[in-house]
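Asker: give me the fold of what follows.
(2 chains)
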Amino acid sequence: METINWHSFFFLLFASLACVFALAVVLTSNVVRMAFYLVLSLGATSGLFFLAGADFVGAMQLMIYVGGTLVLLIFGVMLTAKGPFISMKTSAGEWILGAIVGGSLLTVLISSATSVDAWRAVPREDRPAASQVTATRLGLGLLGARVDKLEQTDATLAGGMSGYLLPFEIVSVHLLVVLIGSAYLARSKRRAGGRSVGDHF
Amino acid sequence: MNLLSDPVGVSHYLIVGAVMFVAGAVCMATKRNALGVLMGIELVLNGANVNFVALGSELLRPGVSGIGLDGQLVALFVIVLAAAEAAVALAITLNYYNNHATVDVDQADELKG
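Answerer: Below you'll find the model as predicted:
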């Protein structure tokens, strides 16, 4: 009996949680339960991020995805559901077709993921003893300085490893525009008296 | 091959990402509720994020000069864009619900031209 590799143990735990609840999202037809299973699946994925050494991304996954986007989706479920257990059935033919297409796609993806030698697991003693905290390096990368590729001396390759200042600005303005636009789009058009606000325009 | 004692590699993460991607794609294709389609999109984006983080991880590929920090940076952008996409799609869904009193995507074909 070999000793248990605790990294592998927690990877198996979080990976099985993420996969099982992702499949549960597909298989249930109750939209409230789908939202709950999606919360659990995305939370388990953040555990996978922590295990891969991406602590900042894992924390952002918990804060933005599970804390923000999913709350938005659950509000959408509550605002559009007529009853507490709304469900829309999918016909059996669509289930069979989806299972066939999804199963073949999954087979192709898994066979290609396991066939590359460079992606195999490396023995434990080759690993770095402790992973660095990534938040500082990520922040510098977003500001335009890549501190993880300083050893790159080839000018052509180093040119492709520039920072992410311009995409960061673009995505921030994009988020602002999108949130203002969606707030405008989803504004309530009817007052309590039944008069439409849009009539004045 | 003992799963509990063998170290975890990138391919393990890619398998998890593939399962989440396929689950999201099937969810997008088979759900009739528009919010179910949205949840499928979230699953697909999250499966892609798992792949990005795994391929950029120094812990899983020590000594390999892979994509480095790019994987985590792109994963952050994907998270932000997923939040933006969810906000817009939810606003459209609410607008459609206000006008048609349903979120069934099969009945949305009256939106055409």
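Asker: just give me the longest helix of chain B.
Answerer: Ranked by residue count and defined by DSSP state H, the top helix of chain B is helix B:70-100.
Asker: what is the rounded mean pLDDT of it?
Answerer: Across helix B:70-100, pLDDT averages out at 90.
Asker: same question for stretch A:187-201.
Answerer: Mean predicted lDDT for stretch A:187-201 stands at 54.
Asker: could you list the buried residues of the longest helix of chain B?
Answerer: Within helix B:70-100, the residues scored as buried using 16 or more other CB atoms under 10 Å in any protein chain shown are B:70-80, B:82-87, B:89-91, B:93-94, B:96-97. All C-beta spots, glycine's among them, are computed from the backbone N, C-alpha and C.
Asker: by proximity to chain A, which residue of chain B wins?
Answerer: Ranked by CB to the nearest CB, the top residue of chain B for proximity to chain A is residue B:9, at 3.1 Å.
Asker: spatially nearest residue to that residue, not counting backbone neighbours?
Answerer: residue A:121 (3.1 Å; CB to CB, 6 or more residues apart in numbering or on different chains).
Asker: one step back: OK, contacts around the residue of chain B closest to chain A?
Answerer: A:119, A:120, A:121, A:122, B:60 (CB atoms under 8 Å, 6 or more residues apart in numbering or on different chains).
Asker: follow-up on the earlier one: which of the buried residues of helix B:70-100 are close to chain A?
Answerer: Near chain A, judged by CB under 8 Å from any CB of the partner chain, the entries from those are B:70-73, B:75-77, B:79-80, B:82-84, B:86-87, B:90-91, B:93-94, B:97.
Asker: the helix-or-strand element of chain A with minimal mean pLDDT: what's the following helix or strand?
Answerer: Lowest on mean pLDDT, DSSP states H and E among the helices and strands of chain A sits helix A:155-159, with a mean of 66. Where DSSP states H and E defines the elements, the next helix or strand beyond helix A:155-159 is helix A:165-185.
Asker: ok, residue B:108 - contacts?
Answerer: B:34, B:96, B:100.
Asker: distance to residue A:146 added to these, as TSV?
Answerer: Formatted as TSV, those follow (distance: CB to CB, whole Å):
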residue	distance to residue A:146
B:34	41
B:96	44
B:100	49
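Asker: for chain B, give me its nearest residue in chain A.
Answerer: Counting by CB to the nearest CB, chain A gets nearest to chain B through residue A:121 (3.1 Å).
Asker: and that residue, helix, strand or coil?
Answerer: Here residue A:121 is coil, with the state taken from DSSP: H, G, I helix; E, B strand; the rest coil.
Asker: can you list the domains in chain A?
Answerer: A:1-87, A:132-149+A:159-186 (automatic domain parsing).
Asker: and stretch A:17-31, how far out from the chain middle?
Answerer: Offset of stretch A:17-31 from its chain centre (CA atoms, centre = their mean, to the nearest Å): 15 Å.
Asker: oh sorry, the question was meant for stretch A:100-118
Answerer: Using CA atoms, centre = their mean, the offset of stretch A:100-118 from its chain centre is 20 Å.
Asker: hmm, who's touching it?
Answerer: Residues outside stretch A:100-118 that contact it (CB under 8 Å, 6+ apart) are A:119, B:10-11, B:14-15, B:18-19, B:21-23, B:25-26, B:29, B:61, B:64.
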